[in-house]
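Visitor: got a predicted structure here, sequence first:
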Amino acid sequence: MNISAGLKALGLAALLSTAMVHVAMAEPTDRGITVALAVELDSLDACDTQPAQNANIARGNIYESLTHVSPVDGKLEPLLALSWEQVDELTWEFKLRPDVKFHDGSPFTAEVAAANINRSQPGAEIDGQEIACLNLTQFPEAVKAEAVDELTLRVTTPKVDPILPLRLSYADIGNLATQQTAQKSLSPVGTGPYQFVERIQGEHVKLTRFDGYWGEIPAVKDVTYVYRAEASVRAGMIETGEAQLATAISAQDATDDGRTVTYKDNRIVIARPNSFKEPFKDPRVRQAVSHAIDRDTIVTALMGIGGNPWYQMLGPQVNGYIPGFDETDALRFDPEKAKELLAAAKADGAPVDQEFVLVTRPDLFPGSDEVVQAIAQNLQSVGLNPRILSLENTAWRTYLRQPFPEEQEGSIVMLSHDNTSGDATFSFSGNYATCEGRNSATCNPEIDRLVFAADAAQGEERASLYQQAARIMYTQESTMIGIAEQVRLMMLGEGIQYEPNPLSGIEIRIADITFSD
Amino acid sequence: MLAFIRGRLLSGLLTVFGVVVLVFFLARLTGSPIDLFFPEGATPAQLDSFSRAYGLDRPLIEQFWVFLSNAVRGDFGMSVWQQRPALQAALSEMPATLLLTLIAMTVSVVIAVILGTVAAAFRFRLVDRVITIVTLITGSIPAFWFALVSILIFAIVYRLVPTSGAGNWQSWILPVATVSLGPIGVLTQVTRGAMIEVLSSGFVRNARARGFGSTRILYRHALRNAALPIIAVAGDIAASMVNGAVIVSVVFAFPGIGKAIIGAVLARDFPVLQACIVVVGVAVILLNLIIDLIYVVVDPRVRLS
């Protein structure tokens, strides 16, 4: 059984055991746990829950949203909204869950939901003061929400948006008082199964179980989140019993006694050649890059259980993922083919010998420096001329984002992209695929046509259009070259049961944790 | 005396002002906090919205003027990410830093003076060679490596202390050991050198000739005269500890100004960074002043003028 198959089997076993755990679960206990995270949160405001460091604590614990993406199948599920329908092209109505209380005892109503959605829109102001919410990137253009009655919410969009209910899964809901001010909330009040107790900056955040929760009362009573930058220290805290759950464990700290659990969160390591700069203006040079990279060897040897070879930019839970692509159409490792393509391009005048930069970041993913060095060697061996450039985040983004300065040299940017929404629009439209995309290094009118058509479509048609655009991007344009699917590691303490899922990178629901002893 | 103190404080504050000006402009050359926290797909309009909300869209010189005019009133602005005044964020980290510095310096000086004095008293003998080799090693061990190995041995294998944090007195042991390790090595060598020089001087030979015991000569006559270089080096080391025990912050998640500065740099939280620099600068000025005053107490020959 190879690693991939093993992980799939593990995932199946995980699902089965999760189901069994939920059945057997879980009288509420008086026990508490400590969770060791890598990075301290920035904000606990309901409109700042998109960054992982904030979401890890707030989402699904303190706050809940109207809708929720199922971690099992990626489908949209009701949460604080029981149902929704598209009234006309630009209008949606949501029926909200009754008898839901916030942690301060105030009721959850359509008025509160509308205030939350409106506050997190681009350009939102309260009392003349602009609010800068980190969640607003989920709304390319501002939507408007209003209460129809106590439990009916109406949301109007400036243009047709078939995935508005999905976008609202990113809009977490805080109580009305926190929504009537432009100030970010320091004492968050949500409807989730855990309520805020205290935050000591730089040290910890404490939550405790909300006994008035509308759903099932969870097993864990108290939660303390602490921050430890070193992965080995986080793993050590599990060994000593100082913590019961530790995230972002590195492969060398993994144990094989069942306490280290793996999960995939649709995060893909990608090489992105810039087709607007030499030597990558000729698509054959970019295709040669894909053929030159020996993913099987690099990923197996250098990423270990932390990765699988990959050829697309999306994970299998996203509707733009092309089933079977890796086996049939992918530009797989074939150095002779790469040399042929480069020779043909050179014969037509492409400067294939020109030096370019292979741009990376030290914190891209665990072991990324070694992986990038191996990729550089692969590229050199077929006749390309890369120079590794390891940059800090902000400098790295100057190579990632349009507009690319005139004087900037040709580049392949190494990046790690995730899409936990299940919809490719968040990756393609205005981002990596379209001509005007913020991070796009290509411009193909056919890709634009397909992506924009997909944005306005639904269901199977939407998925099919995204997949057609993706296929062109991978095989003809070859500007988003998948390298590895990242596998993430987490460690659990003795007696702790938790099955991580594709959303665990951004949302660790403490309510999903049970005790086996 | 008062004129001396006033002069020192004034020159120190001018230095702090210069450093703050440099930090203000250099930090902004490294990029904007906006780039760090928005997802890769954020549109320019969304980034602009955030920029306006935090005044980052204004011309740099205007930002500097606003900063200066507020800073003289003790207002360093609000932290971009902590949602509290930047000065409060910086000051809240100082007690842990000062206490760690005090404990680590006490441990370092006591151990170093004992070892250095013993090494000097038995110079070129086995005990001297052992102390010299051991302290050279402790002075050369990378603190980062020592921190990780000490966690592995003392926290994970033997469970004697916690791996990290600052929740109880046991959690201070490894951070203090990590911070003290280098200074023990350096100060032992300094003490040994100073003591050897003093022990070969005329007044020590005279004391021996008068029949004073070795212990009295070492600790009452020689050590007091060897104290100045030890105090000078210890002062420098203490200042660097106040500047921020960075390794301890990163590995042990130990609170302190070093952790605050790293966090502010990584997050481009300019108000907190500037407040931390001022707080550290003032602390170092006061520390240097205290060291100068200790000079006077230890050696009256030192003239304040």
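Guide: In hand now; what should we look at?
Visitor: quick check: which element contains the residue positioned nearest the centre of chain B?
Guide: Centroid-nearest residue in chain B, with Cα atoms, centre = their mean: B:Met241, separated by 1.4 Å. B:Met241 is part of helix B:223-242, with elements assigned from DSSP states H and E.
Visitor: tell me which residues of that helix come out buried.
Guide: For helix B:223-242, the neighbour count (16 or more other Cβ atoms under 10 Å in any protein chain shown) marks B:223, B:225-228, B:230-231, B:233-235, B:237-239, B:241-242 as buried. Any C-beta I mention is one placed from the backbone N, CA and C, and that applies to glycine too.
Visitor: and the furthest pair within the residues you listed?
Guide: Using Cβ to Cβ, the buried residues of helix B:223-242 span at most 28.0 Å, a distance reached by B:Asn225 and B:Val242.
Visitor: give the closest residue to residue 96 in space, chain neighbours not counted.
Guide: Chain wasn't specified; assuming chain A. A:Leu151 (4.4 Å; Cβ to Cβ, 6 or more residues apart in numbering or on different chains).
Visitor: that's the wrong chain, I wanted chain B
Guide: B:Pro255 (4.2 Å).
Visitor: which residues touch the one you found?
Guide: Residues near B:Pro255 by Cβ atoms under 8 Å, 6 or more residues apart in numbering or on different chains: A:202-203, B:93, B:96, B:166, B:249.
Visitor: what residues does the stretch 151-300 of chain A have near chain B?
Guide: Within the stretch 151-300 of chain A, the positions lying close to chain B (Cβ under 8 Å from any Cβ of the partner chain) are A:183-184, A:186, A:201-203, A:226-230, A:232-233, A:236-237, A:239-240, A:242.
Visitor: out of the residues you listed, which are buried?
Guide: A:184, A:201-203, A:226-230, A:232-233, A:236-237, A:239-240, A:242.
Visitor: low-confidence stretches in chain B?
Guide: B:30, B:35-46, B:244, B:302-305 (pLDDT under 70).
Visitor: do a quick rundown of the strands in the stretch 101-250 of chain A.
Guide: In the stretch 101-250 of chain A, the strands defined using DSSP state E, counting those that start in this stretch lie at A:125-126, A:129-130, A:144-149, A:152-156, A:172-173, A:194-200, A:204-209, A:222-227, A:245-246.
Visitor: before we move on, the earlier item: so the residue nearest to B:Ala96, which of the three states?
Guide: Following DSSP: H, G, I helix; E, B strand; the rest coil, we place B:Pro255 in the coil state.
Visitor: excluding its backbone neighbours, what's nearest A:Ile305?
Guide: A:Ala251 (5.7 Å).
Visitor: pretty sure the one you found contacts A:Ala301?
Guide: No. A:Ala251 lies out of contact with A:Ala301 (Cβ atoms under 8 Å); the separation is 11.8 Å.
Visitor: those two: who's more crowded?
Guide: A:Ala251 (18 against 12; other Cβ atoms under 10 Å in any protein chain shown).
Visitor: what does the model give that one for pLDDT?
Guide: Looking at A:Ala251, its pLDDT is 83.
Visitor: for A:Ser478, same thing?
Guide: The model's pLDDT for A:Ser478 equals 95.
Visitor: mind checking how far the residue nearest to A:Leu96 is from A:Leu166?
Guide: To A:Leu166, A:Leu151 is 21 Å away according to Cβ to Cβ, to the nearest Å.
Visitor: residue 256: neighbouring residues, count only.
Guide: Just going to use chain A. There are 7 residues near A:Asp256, going by other Cβ under 10 Å.
Visitor: ah, no, chain B please
Guide: B:Gly256 sits with 27 neighbouring residues when counted by other Cβ under 10 Å.
Visitor: bridging residues for B:Met78?
Guide: With DSSP bridges applied, the residues forming beta bridges to B:Met78 are B:Pro85.
Visitor: how about the helices in the stretch 1-150 of chain A?
Guide: Along the stretch 1-150 of chain A, counting by DSSP state H, counting those that start in this stretch, helices occupy A:3-24, A:52-58, A:110-119.
Visitor: could you pull up phi and psi at the closest residue to chain B within the stretch 401-517 of chain A?
Guide: Residue nearest to chain B within the stretch 401-517 of chain A: A:Asn431 (4.2 Å; Cβ to the nearest Cβ). Dihedral angles of A:Asn431 (phi, psi; degrees, to the nearest 10) stand at phi -130, psi -100.
Visitor: in terms of pLDDT, where does it sit?
Guide: Reading off the confidence values, A:Asn431 has pLDDT 89.
Visitor: what do you get for A:Pro140?
Guide: For A:Pro140, pLDDT reads 74.
Visitor: surely it meets A:Gly430?
Guide: Yes. Applying Cβ under 8 Å, one finds A:Pro140 in contact with A:Gly430, separated by 6.4 Å.
Visitor: in stretch B:170-186, what counts as buried?
Guide: Of the residues in stretch B:170-186, B:171-172, B:174-186 count as buried by neighbour count, 16+ other Cβ under 10 Å.
Visitor: show the end-to-end separation of stretch A:37-48, please.
Guide: Using Cα to Cα, to the nearest Å, one end of stretch A:37-48 lies 18 Å from the other.
Visitor: state the mean pLDDT of it.
Guide: Rounded mean pLDDT across stretch A:37-48 is 89.
Visitor: could I get the contacts of B:Pro255 in JSON lines, plus columns for distance to B:Gly31?
Guide: Shown next, in JSON lines, are these (distance: Cβ to Cβ, whole Å):
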{"residue": "A:Gly202", "distance to B:Gly31": "23"}
{"residue": "A:Glu203", "distance to B:Gly31": "28"}
{"residue": "B:Glu93", "distance to B:Gly31": "24"}
{"residue": "B:Ala96", "distance to B:Gly31": "29"}
{"residue": "B:Ala166", "distance to B:Gly31": "31"}
{"residue": "B:Ser249", "distance to B:Gly31": "22"}
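Visitor: which of those fall in helices?
Guide: Among these, the ones falling in helices (DSSP state H) are B:96, B:249.
Visitor: so which of the contacts of B:Pro255 comes closest to B:Pro271?
Guide: B:Pro271 lies nearest to B:Glu93 out of these, by Cβ to Cβ, at 14.4 Å.
Visitor: wait, the closest one touches B:Gly256, no?
Guide: Yes. Using Cβ under 8 Å, B:Glu93 is in contact with B:Gly256, at 5.5 Å.
Visitor: quick one, helices of the stretch 201-305 of chain B?
Guide: B:202-209, B:214-216, B:223-242, B:246-252, B:257-267, B:270-298.
Visitor: of all these, which lies closest to chain A?
Guide: Of all the helices of the stretch 201-305 of chain B, helix B:246-252 sits nearest to chain A, with 5.1 Å by Cβ to the nearest Cβ.
Visitor: quick one: contacts of that closest one?
Guide: Contacts with helix B:246-252, where a contact means Cβ under 8 Å, 6+ apart, come from A:229-230, A:233, B:100, B:143-144, B:147-148, B:151, B:163-166, B:171, B:174-175, B:178-179, B:254-256, B:258-259, B:261-262.
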